[in-house]
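Asks: For reference, the sequence and a predicted model appear below.
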Amino acid sequence: MLRKTYWYSMGWVYLIVTYPMMWVVRFYDRIGKNDQKLYLTNKISSRICRVLFYLSGSEITIRGLENIPKEGAVLFVSNHQGHFDSLVIHGFINKPKGFISIIEASKVPVISTWMREIDSVFMDRKDLRQSLACINQAIQLLQRGHSMVVFPEGKLSASAEPNEFNRGWLKLATRSDVPIVPISIDGTYKAFGKNGEWVKPAHVKCVISKPINVTDIKKADENAFISKLKTVIMQNVSGSGFENANLSKVAEENPLENLN
């Protein structure tokens, strides 16, 4: 209970303290300084993610950052154990990106504002027309060179065992001609309750696999490809990828050490 109270109170304090930076972001937008806007938006929003992650008392180990293409957009595809998955992906992977998120996330104060600024899209799974519009919007963002993140399970599993991977997201890669970068995350379900009912320290592990070329995706049977991709991602979660990897603590500054 104390950890939960600490996380929520300090988290909201930090969100409020950093919110004035949103005015600077919007000022850059109004005067057409797009590069400055993109840099500041990603710097502040990724720092917020790291602060919220570290406030839980959690640690992270990450491997495979060198597998992320430096140039051009990619489609990050990750398993979805818990709410902290987004904090890990945006906070510790230094490549501008938006998220394909559920419509409920658009109602979270402050956080949803930053999500919109990094060009996230919010999908209402109960509305087919709106969902298709969101997919098309995400495809256009990818085609313009903006990376996106998708969780093919569609909802968090709240455990190490994944839900089924849906097929609809695959057109994001095939229609935008961008590579897929698989991400495996383990431990986030131990850090934050499915409904936010508890917060606990956890050791979170993340493996970023080598990109998959879109031409290979187009040649493959969709069901077979998704099954293979799920296997690649879940092998790292189940143990073989992490146990055999030479992992080290992520070389990312803990923002909590310099809050004063």
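Replies: Received it, and whenever you're ready, just let me know what you need.

Asks: which residues make contact with stretch 79-88 from outside it?
Replies: Residues from elsewhere that reach stretch 79-88 (C-beta atoms under 8 Å, 6 or more residues apart in numbering): 49-50, 52-53, 56, 58, 60, 78, 99, 101, 149, 151, 153, 155-160, 162-163, 183-192, 194, 196, 204, 206, 233-234, 237. Yep, even glycine has a C-beta here, placed from its N, CA and C like the rest.

Asks: Got a PyMOL select line for the buried ones in these?
Replies: This is the PyMOL syntax for the buried subset of these, where burial follows 16 or more other C-beta atoms under 10 Å:
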select buried, resi 49+50+52+53+56+58+60+78+99+101+149+151+153+156+157+158+162+163+183+184+185+186+187+188+189+190+191+192+204+206+233+234+237
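
Asks: So which of the contacts of stretch 79-88 belong to helices?
Replies: Members of those lying in helices (criterion: DSSP state H): 49, 50, 52, 53, 233, 234, 237.

Asks: Would you map the strands across the stretch 51-200 of the chain?
Replies: For the stretch 51-200 of the chain, applying DSSP state E, counting those that start in this stretch gives strands covering 59-63, 75-78, 97-102, 121-123, 147-150, 180-186.

Asks: Tabulate these in a markdown table, adding columns for distance to residue 133 and mean pLDDT.
Replies: Output for the strands of the stretch 51-200 of the chain, formatted as a markdown table (distance: least, C-beta to C-beta, whole Å; pLDDT from 0 to 100):
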| stretch | distance to residue 133 | mean pLDDT |
| --- | --- | --- |
| strand 59-63 | 34 | 96 |
| strand 75-78 | 18 | 98 |
| strand 97-102 | 12 | 97 |
| strand 121-123 | 9 | 96 |
| strand 147-150 | 15 | 98 |
| strand 180-186 | 22 | 97 |
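
Asks: re the thing from before, can you tell me which of the ones in helices among the contacts of stretch 79-88 lies nearest to residue 34?
Replies: residue 49 (22.2 Å; C-beta to C-beta).

Asks: OK, contacts around the closest one?
Replies: The contact partners of residue 49, by C-beta under 8 Å, 6+ apart, come to 86, 87, 88, 90, 91, 92.

Asks: Can you tell me which of the residues you listed comes closest to residue 72?
Replies: residue 90 (18.7 Å).

Asks: The closest one touches residue 43, doesn't it?
Replies: No: in this structure residue 90 lies outside contact range of residue 43 using C-beta atoms under 8 Å: 11.5 Å.

Asks: okay, these two: which has more neighbours?
Replies: residue 90 (27 against 12; other C-beta atoms under 10 Å).

Asks: which residues touch stretch 215-231?
Replies: Contacts of stretch 215-231 (C-beta under 8 Å, 6+ apart): 77, 152, 162, 165, 167, 170, 173, 174, 180, 182, 212.

Asks: got TSV for those, with distance to residue 26 too?
Replies: Below are the contacts of stretch 215-231 laid out as TSV (distance: C-beta to C-beta, whole Å):
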residue	distance to residue 26
77	31
152	33
162	38
165	37
167	38
170	35
173	32
174	35
180	33
182	35
212	37
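
Asks: Selecting buried members of these in PyMOL, what would you type?
Replies: Entered in PyMOL, the line below selects the buried ones among those, by 16+ other C-beta under 10 Å:
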select buried, resi 77+152+162+165+170+173+174+180+182+212
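
Asks: Mind picking the lowest-pLDDT entry from the contacts of stretch 215-231?
Replies: Lowest pLDDT within the contacts of stretch 215-231 is found at residue 167 (86).

Asks: quick one: that residue and residue 97, what's the gap?
Replies: Distance of residue 167 to residue 97, computed by C-beta to C-beta, to the nearest Å: 22 Å.

Asks: and the gap between the residue of the chain positioned farthest from its centre and residue 111?
Replies: In the chain, the residue that sits farthest from the middle, by C-alpha atoms, centre = their mean, is residue 31; the gap is 29.1 Å. Between residue 31 and residue 111 the computed distance is 26 Å (C-beta to C-beta).

Asks: Buried by neighbour count: which residues of the strand or helix carrying residue 226 qualify?
Replies: For residue 226, the element it lies in under DSSP states H and E is helix 222-238. Across helix 222-238, burial judged by 16+ other C-beta under 10 Å covers 225, 226, 229, 230, 232, 233, 234, 235, 236, 237.
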